[in-house]
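> Need coordinates for the following:
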Amino acid sequence: MANEIAQSHEPSTDVLYAIITRISDGYIYDVGDTALEAVGTWNDARIQECAVDMAFSGGSFYADFPAAITDIDEFHVQVRINESGTPGSEAITDWIKSQGQISWNEDSEMTLGIIGTTLQSVNQTVELPEPVETRARIYI
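Numbers count the residues shown, from 1 in each chain. Coordinates of the predicted model:
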C-alpha cells in the first residue's frame, strides 16, 4: 500500500510532515533510525528526526506509512505544517494541521473488512436506531 497518510491542503508550497506514535506505549517513529524509539529517548529538540516528509499531489499531501513499522497496533498520526518552510527545520512549535489514528496490520492499514465488527475510526459517526419501547403481557 502507499499514501496511507493523506491531508488536503493548499498551497502546495507549504511543507507538511507527519509524526507517528504507537498508542499502546507512546513510542515515536524515528525516521533516521527507521525504528520506533522509547519515550525516554524523546525530547522536543529531536522532532526533525521523527518528521515523516509528505509530498504534494493534486491538492493534497501524502506520505507512506513507514515500512519499518511491522507491528499490529494502533498508531496516532499528527500532521504538522513546517512554519519555517524548510525541510529539516521542523520545530515543536509548528502548527498541528490535523491528527488521527491508523490501525496497522504488519504491512498494511487495516480496513473494516479485516478488523471485523470492531469499528475503530476517529472520523466516523455511527447512528444508532432510536430505542423501541416494548411491553409484554403475561396471561395466567
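> Could you list the low-pLDDT ranges of the chain?
Confidence mapping of the chain against pLDDT under 70 gives the ranges 1, 107, 110-140.
> and if we set it to 90?
Low-confidence segments of the chain, defined by pLDDT under 90: 1-4, 10-11, 32-33, 37-47, 58-59, 67-73, 87-88, 100, 102-140.
> how about the helices in it?
Remark: helices assigned in the chain by DSSP state H are 112-115.
> What residues does the residue most central in space within the chain make contact with?
The centre of the chain sits closest to V77, judged by CA atoms, centre = their mean, with a distance of 2.6 Å. Shown in contact with V77 (CB atoms under 8 Å, 6 or more residues apart in numbering): I5, A18, I19, I20, T21, Q99, G100, Q101, I102. No exception for glycine: its C-beta is placed from N, CA and C like everyone else's.
> can you tell me how far it sits from V31?
Distance check for V77 against V31: by CB to CB, to the nearest Å, it reads 14 Å.
> ok, now A18?
Using CB to CB, one obtains 10 Å as the distance from A18 to V31.
> Tell me the residues that contact both of the two, please.
Shared between the contact lists of A18 and V31 (criterion: CB under 8 Å, 6+ apart) are residues A51, V52.
> So what's the residue count around I5?
Counted by other CB atoms under 10 Å, the residues lying close to I5 total 23.
> residues in contact with it?
I5 sits next to A18, V52, M54, Y62, A63, D64, F65, V77, V79, I102 when contact means CB under 8 Å, 6+ apart.
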